[in-house]
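Undergrad: Sharing a sequence plus its predicted fold:
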Amino acid sequence: MSDEHNYIAGKNPLFETLEQRPGEIEKIFLRDGLRGRDVGRIQELASSHRIPVSRVPAARLRELTDERQDQGVVALVSPIHYLDLHDWLDEADVSANTSLLLLDEIEDPHNFGAILRSAAAAGITAVVVPKHRQAPVTSTVFKTSAGTAGRIPIIRAGNLNQAILELKEQGFWIAGLQAGSATPLWEMDVTVPLAFVIGSEGSGIRKKTLEHCDFHYAIPMHHGVESLNASVSAALVSYEWRRKQDTTT
């Protein structure tokens, strides 16, 4: 069994998690050829909660878990509890010193862990992640975050662009990091609730997401350097926000 992930095996444990804590399930693996009423029910529940399901050979299931009685069913689960955006917004006291990091498909667990660590250290209010094409919280993320993955709220949204629209309705202004923007990061306005979008490691912020941004900030760079690692960018954004907050209060 890989020590990088957490898995549950067997139909009954999976049904219990699907019915009581579906938000903890990242992905379900079913053995090739497995059929029956239970399988249909698993697929129905997974679809209703937008949980991806993959068919894999029996050997792959044995690689995932040491459990021999897996019954052809294994699920990857998160070691932390994700918050629902609507629930968080219902409880949040949104003000000028409220800040979020919105991660636009960060798939490297080391980057994800480093981002959580910087966000927690700088006092960022919460981190929002999409449900798909996003690294789950694994032991690697926990280790890289130095344990902060369990301290800063992590909100998971089914669709990041929809989440942005909902945040705007609640008074948030959206700031995207974009190379070549005319506005340097140091000129950010911290007198309003801010949500900073951090783009993926390869392609940055997606075009549609960028269109939803109210501000476009760039990190000034020299010597022909075009971009920075996503976790470094997130750290700079988090601490510049913290610095300006401390000097304006």
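TA: Cool, got the structure.
Undergrad: Could you give me the buried positions within the longest helix along the chain?
TA: Secondary structure assigned by DSSP state H gives helix 230-248 as the longest helix of the chain. For helix 230-248, the buried set under the neighbour-count rule, 16 or more other CB atoms under 10 Å, comprises 230-231, 233-238, 240-242, 244-245. Yep, even glycine has a C-beta here, placed from its N, CA and C like the rest.
Undergrad: Please apply the same query to stretch 116-124.
TA: Leu116, Arg117, Ser118, Ala119, Ala120, Ala121, Ala122, Ile124.
Undergrad: Return the closest of these with respect to Asn6.
TA: Leu116 (17.1 Å; CB to CB).
Undergrad: Find the nearest non-adjacent residue to that closest one, please.
TA: Ser145 (4.2 Å; CB to CB, 6 or more residues apart in numbering).
Undergrad: cool, Ala157 as well?
TA: In space, Ala157 is closest to Ala163, 3.8 Å off (CB to CB, 6+ apart).
Undergrad: Can you pull out the residues in contact with the helix or strand containing the one you found?
TA: Counting by DSSP states H and E, the element that carries Ala163 is helix 160-169. Helix 160-169 is contacted by residues 85-86, 89, 100, 102, 104, 128, 130, 157, 174, 195, 197, 208-209, 212, 214 when judged by CB atoms under 8 Å, 6 or more residues apart in numbering.
Undergrad: Point out where this structure drops to low pLDDT.
TA: 1-5, 66-68, 79, 139, 249 (pLDDT under 70).
Undergrad: That one: helices as residue ranges?
TA: Using DSSP H, helices in the chain cover 11-20, 37-48, 58-64, 85-91, 109-122, 139-144, 160-169, 207-211, 230-248.
Undergrad: Report the buried residues of stretch 164-180.
TA: Ile164, Leu167, Phe172, Trp173, Ile174, Ala175, Gly176, Leu177, Gln178, Ala179.
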